[in-house]
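>>> Return atomic coordinates for the entry below.
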Amino acid sequence: MRLESWPLHVLCVAAVFVGVARGQSWDRFRGPNGTGTCAAANLPSTLAPDQNVSWKIAASNGSSSPIVSGDALYFTSYEGNARRLHCVDAATGKTRWQRAVEKTRDETASRPNGPATCTPVTDGQHVVVFYPDTALLCYSTSGALLWRTEVGPFHSMHGIANSPILVRNLVIQMIDQLQESYIAAYDLTTGKPAWKVDRIDGLTGGYSTPSLYVPQDGDPLIVASGARGLYGYHAASGDAAWSVPGVANAPVTVPVMWQAHAILCEPVGTVEPITMLAPLDKNKDRKSVPYVSSPVVYDDVLYFIRDGGILTSVDPASGKVLKRARLKKGGRKYYASPVAADGKVFLIDTAGQVTVVRAAGSDWAELSTATLGEPCFATPAIAGNRIYVRTAKTLYCFAVPTE
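The predicted structure is shown next:
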């Protein structure tokens, strides 16, 4: 089915599919299905270097986000020619194991993008990592290398930043670049290619990670933004299910699934989409849409943060702005995406300034602001009653202290 005339909101592209139910683990980039939310409780209201720190460890180089499965936390890093997957105890931060591989070639990357930008993904038995200058690799949760599949080289302007996702027994890796863009599936057990489908090339590439729709009585669908549109693919075969042209161009944000909508951000400054959407933006409020950080829908309210610390809450059903205001201490650029749980929205700018907001729709309010003292580009992870934040050199675990 090809969708060409669906109604467009400023931020919300109507689709015909519903998002995956939230899970308890933070198993991929932005957690369950890339939503940025989970059912965690008793999270701290202040994240500061001297408050609510359960543990912290050195994290080495990399801007990939941490993921959590059960009692294990995983993240990637690089040092020289080495590319590393780290497994630590989620409760204590103690190292369980590390696995290193050597890069095989040079790849273009614009900072803060680099060799360890793509976030790992896990199903609780396998951990899949993607180093664009090395390979796509799969480890067991005990650290055994199960397979390695060579991919690339690539033709990217700023470097490949698309993180892998899992769909049943398939690893899905999207590669949007200046030429020869594609989306591909690999067998999770063996790493062997299952299918590969060409995608439209963009003028500056694409840096988004897909989301999923899993219907109750059908095959999963991959929902992916890319050059010139939003696309749905049958996960089993890669066959196109539908497309919505003209709503994305060189995307970075994740398409967020909410009820019967796929929500994506496309800011002013892009060429084709803004031309097509301009007549629909009668109040000219697209200027407040972020480019890098993805939105989050929490308790049926859409939140997004723009550079300068401008936080906006929106009714995702109508597109009506509920509240827009600058945070009291402002903010620089925002690369880390907002995450939400326990009645709170957590925001971190590139300077490491953390703001915790009480999630209350039109009445949201700041609870605290603190500075971690290091740049931050990775999106936090939430699991149980802990929130994990990775800065340029440190991985923090924040939790409410127990008596």
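>>> Now do the buried residues in stretch 65-73.
With burial defined by 16 or more other C-beta atoms under 10 Å, the residues of stretch 65-73 counted as buried are 65-69, 72-73. For the C-beta atoms, the positions are set from N, CA and C on the backbone; glycine is no exception.
>>> For residue 9, report the pLDDT, please.
The model reports residue 9 with a pLDDT of 34.
>>> Check whether residue 171 really touches residue 189, as I assumed.
No: between residue 171 and residue 189 no contact is recorded; they are 10.0 Å apart, counting by C-beta atoms under 8 Å.
>>> where does this protein have low pLDDT?
1-24, 267-288, 403 (pLDDT under 70).
>>> what about 50?
Scanning the chain with the threshold set as pLDDT under 50 gives 1-11, 13-23, 269-283, 285.
>>> who's in contact with residue 209?
28-30, 34, 119, 162-163, 165, 174, 254 (C-beta atoms under 8 Å, 6 or more residues apart in numbering).
>>> For residue 373, grab the count of nearby residues.
14 (other C-beta atoms under 10 Å).
>>> I'd assumed it was in a strand, is it?
No: counting by DSSP: H, G, I helix; E, B strand; the rest coil, residue 373 falls outside a strand, being coil.
>>> related to what we said a few turns ago, which one among the contacts of residue 209 gets closest to residue 154?
Nearest to residue 154 among those is residue 162, at 10.4 Å by C-beta to C-beta.
>>> Could you report the distance from residue 90 to residue 314?
33 Å (C-beta to C-beta, to the nearest Å).
>>> Next: residue 130.
As judged by C-beta to C-beta, residue 130 and residue 314 stand 33 Å apart.
>>> circling back: need the max-distance pair from the buried residues of stretch 65-73.
65 and 72 (15.1 Å).
>>> All the helices of the protein, in order from the start?
272-277 (DSSP state H).
>>> who's in contact with residue 136?
Residues counted as contacts of residue 136 (C-beta under 8 Å, 6+ apart) are 128-130, 148-151, 164, 171, 173, 186, 191.
>>> I'd say residue 375 and residue 392 touch.
Yes: shown here, residue 375 and residue 392 form a contact pair, counting by C-beta under 8 Å, at 4.5 Å.
>>> Any chance you could list residues touching both of the two?
Common neighbours of residue 375 and residue 392 (C-beta under 8 Å, 6+ apart) are residue 352.
>>> Pull the number of nearby residues for residue 25.
Residues near residue 25, counting by other C-beta under 10 Å, number 19.
>>> sorry, back to before: in terms of neighbours, single out the busier of residue 171 and residue 189.
residue 171 (24 against 12).
>>> How much space separates the closest residue to residue 250 other than its chain neighbours from residue 242?
Counting by C-beta to C-beta, 6 or more residues apart in numbering, the nearest residue to residue 250 once its immediate chain neighbours are dropped is residue 204, at 4.4 Å. Using C-beta to C-beta, residue 204 is found at 25 Å from residue 242.
>>> Relative to residue 112, how far out is the residue nearest to residue 250?
17 Å.
>>> So what's the residue count around residue 204?
Applying other C-beta under 10 Å, we find 16 residues neighbouring residue 204.
>>> so residue 354 touches residue 45, yeah?
No: the criterion here is C-beta under 8 Å, and residue 354 misses it with residue 45 at 11.0 Å.
>>> which residues do the two both contact?
Residues touching both residue 354 and residue 45 by C-beta under 8 Å, 6+ apart: residue 368.
>>> Please say which of these two ends up with more neighbours.
residue 354 (26 against 15).
>>> Name the nearest residue to that one, sequence neighbours excluded.
Using C-beta to C-beta, 6+ apart and skipping residues adjacent in sequence, the residue nearest residue 354 is residue 47, 4.5 Å away.
>>> Ok, residue 79 next?
In this structure, residue 79 finds its nearest non-sequential neighbour in residue 60, 5.7 Å apart by C-beta to C-beta, 6+ apart.
>>> is it true that the one you found touches residue 84?
Yes: contact status for residue 60 versus residue 84: in contact at 7.2 Å, counting by C-beta under 8 Å.
>>> Can you check which residues contact both of these two?
With C-beta under 8 Å, 6+ apart, residue 60 and residue 84 have common neighbours 77-78.
>>> Now stretch 315-334 - C-alpha only, CSV.
Taking Å, rounded to 0.1, in the frame of the first residue of the first chain, the C-alpha atoms of stretch 315-334 are listed here in CSV:
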residue,chain,number,x,y,z
ASP,A,315,-1.1,16.9,22.4
PRO,A,316,0.1,14.2,19.9
ALA,A,317,-3.5,13.5,18.7
SER,A,318,-4.1,17.1,17.6
GLY,A,319,-0.7,18.7,17.3
LYS,A,320,-1.8,21.5,19.7
VAL,A,321,1.1,23.0,21.6
LEU,A,322,0.3,22.7,25.4
LYS,A,323,3.3,24.6,26.7
ARG,A,324,6.5,25.9,25.3
ALA,A,325,9.1,27.6,27.5
ARG,A,326,12.9,28.0,27.9
LEU,A,327,14.4,26.0,30.8
LYS,A,328,15.5,28.3,33.6
LYS,A,329,19.2,27.7,32.9
GLY,A,330,18.7,27.3,29.2
GLY,A,331,20.8,24.7,27.4
ARG,A,332,23.2,24.4,24.6
LYS,A,333,22.7,21.9,21.8
TYR,A,334,20.8,18.7,22.4
